[in-house]
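Asks: dropping a prediction and its sequence here:
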Amino acid sequence: RSRGMEVVEAVKLAAQRRLRPVLMTSLTTIFAMVPLVFGRGEGSEMWQPFGITAIGGLLVSMVVTLVIVPLVYTIVHRGHPVRVGS
């Protein structure tokens, strides 16, 4: 936006640049937690709720990061001019 881009154009460019890193970090952590959810054996009844909660939190935060934040930013800043130097 500081370079004079329109709101929608800036959000699209930012989404393209951040999509892969956000997906990679979230999905690798989610896949690493899958054995906690489906694991059997000693202590699994204690770790299963943690795995479910962690995976759910990561999924929600991924959606918030990739969808909700850009959407809210676009709605709030639509029609506002860019302030250069501030």
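Replies: Done, it's in.
Asks: mind showing which ranges of this protein have poor pLDDT?
Replies: For the chain, the stretches flagged by pLDDT under 70 are 82-86.
Asks: got the phi and psi for the residue lying farthest from the centre of it?
Replies: The outermost residue of the chain, judged against the average C-alpha position, is residue 42 (33.3 Å), by CA atoms, centre = their mean. Taking degrees, to the nearest 10, you get phi -70, psi 130 for the backbone angles of residue 42.
Asks: now residue 43
Replies: phi 80, psi 0.
Asks: from here on, call the first residue 594.
Replies: Sure thing, new numbering starts at 594, so read that last one as residue 636.
Asks: next, count neighbours for it.
Replies: 8 (other CB atoms under 10 Å). To be clear about C-beta, it is placed using only N, CA and C from the backbone, and glycine gets the same treatment.
Asks: for residue 598, helix, strand, or coil?
Replies: coil (DSSP: H, G, I helix; E, B strand; the rest coil).
Asks: any idea which helix or strand carries the closest residue to it other than its chain neighbours?
Replies: Nearest residue to residue 598 in three dimensions, chain neighbours excluded: residue 606, at 7.2 Å (CB to CB, 6 or more residues apart in numbering). Using DSSP states H and E, residue 606 sits within helix 600-631.
Asks: tell me which strands and helices the very next helix or strand once past that helix is in contact with?
Replies: Note on helix 600-631: by DSSP H and E, the next helix or strand toward the C-terminus is helix 637-656. Counting contacts by 3 or more CB pairs under 8 Å, 6 or more residues apart in numbering; DSSP states H and E, helix 637-656 is packed against helix 600-631.
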